[in-house]
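In: Dropping a prediction and its sequence here:
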Amino acid sequence: MEPSVRIVTGLPAGLERDAAALYWEAFGAKLGRLLGPEARATDFFAATINPSRVVAALSADGTLLGIAAFKHGGQGFSHAGFRELYQHYGLSAFWRAIPLEMLERTPPEDTLQMDGICVAAHARGRGVGSMLFQALFTLVKEHGLSRITLDVIDTNPRAKALYERLGFQAVSEESTGPLRPLLGFKSATKMIRDV
C-alpha cells in the first residue's frame, strides 16, 4: 500500500470535476449511450455529485487518486433528478430518464449499495482500490449496517473476480432485456458481502 495516500469520507470541495472525469473514465462505456458525450456527462456529474456519498483517495498534494461512490439512506453518488437531467440534456432527458430509472437500485436499510469504484490510471497497482474498499467496509460497520452490495456487468469479468476475492458472493443476475443495445451489456450480477 502507498503510504502517501490519504483516505477521506466525503469528497473535498473543488474536486467535483476531477471525480466526475474519473467516474466517466470508469463507467463511460456502460453509461455512454445514455449520458454521453463525455464532456456533457462530465459536466452533469460534476454539477450533481453528492460529496457525502463518496470516499476519496488523495495524494499528499491533494490530487484525487480514486473514489468509491455509494448509496445509503436514499442518497447516492449523484443527487440528480429529472430537473437536473433536463438542465443538462434538454428534451432528450425524456428518453434518457426511463432507462436510467431502470438502473436505479434501492438497498435495504441495513445495506450500503456501491455506486462504483474507480482509480486513476496513474495510481493503479498501488493499493488504492484496496484502501477504498477497506474504508467502505469500515464505514458500513461505523453506521451499524450489516452488508455491502454492488452490481457488476457481464462484460467485466475481472471486476467480478476481484469482488469475489474481497468476499463478495453472487446472489442474483438481472438481464437488461430490450435495453441491451442501449446499455451495451446483457446482464448484471448482484453481489453481497456481509461485514
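Out: Received, thanks.
In: mind checking which helix or strand of the chain has the lowest mean pLDDT?
Out: Across the helices and strands of the chain, mean pLDDT, DSSP states H and E gives its lowest value to helix 180-183, namely a mean of 82.
In: By residue count, which helix of this protein is the longest?
Out: Among the elements of the chain assigned as helix by DSSP state H, the one spanning the most residues is helix 16-35.
In: just checking, what packs against that helix?
Out: helix 38-48, strand 64-71, helix 93-103, strand 111-119, helix 180-183 (3 or more Cβ pairs under 8 Å, 6 or more residues apart in numbering; DSSP states H and E). The way it works is simple: take the backbone N, C-alpha and C, and place the C-beta from them, glycine included.
In: any weak-confidence spans in this protein?
Out: Counting by pLDDT under 70, the chain contains low-confidence residues at 1-3.
In: follow-up on the earlier one: name the residues of the longest helix of the chain that are buried.
Out: In terms of neighbour count (16 or more other Cβ atoms under 10 Å), helix 16-35 has its buried residues at 16, 18-24, 26-32, 34-35.
In: Export the helices and strands packed on helix 16-35 as TSV, with columns for mean neighbour count and distance to D151.
Out: Compiled in TSV, the helices and strands packed on helix 16-35 are given as follows (neighbours: other Cβ atoms under 10 Å; distance: least, Cβ to Cβ, whole Å):
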stretch	mean neighbour count	distance to D151
helix 38-48	17	18
strand 64-71	26	11
helix 93-103	14	9
strand 111-119	22	8
helix 180-183	14	12
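In: Ok, which of those comes nearest L132?
Out: Proximity to L132 (Cβ to Cβ) singles out strand 64-71 among these, at 4.1 Å.
In: Run through who's touching that closest one.
Out: Strand 64-71 is contacted by residues 5, 11, 15, 18-19, 22-23, 53-59, 76-77, 105-107, 112-120, 123, 128-129, 132-133, 135-136, 139 when judged by Cβ atoms under 8 Å, 6 or more residues apart in numbering.
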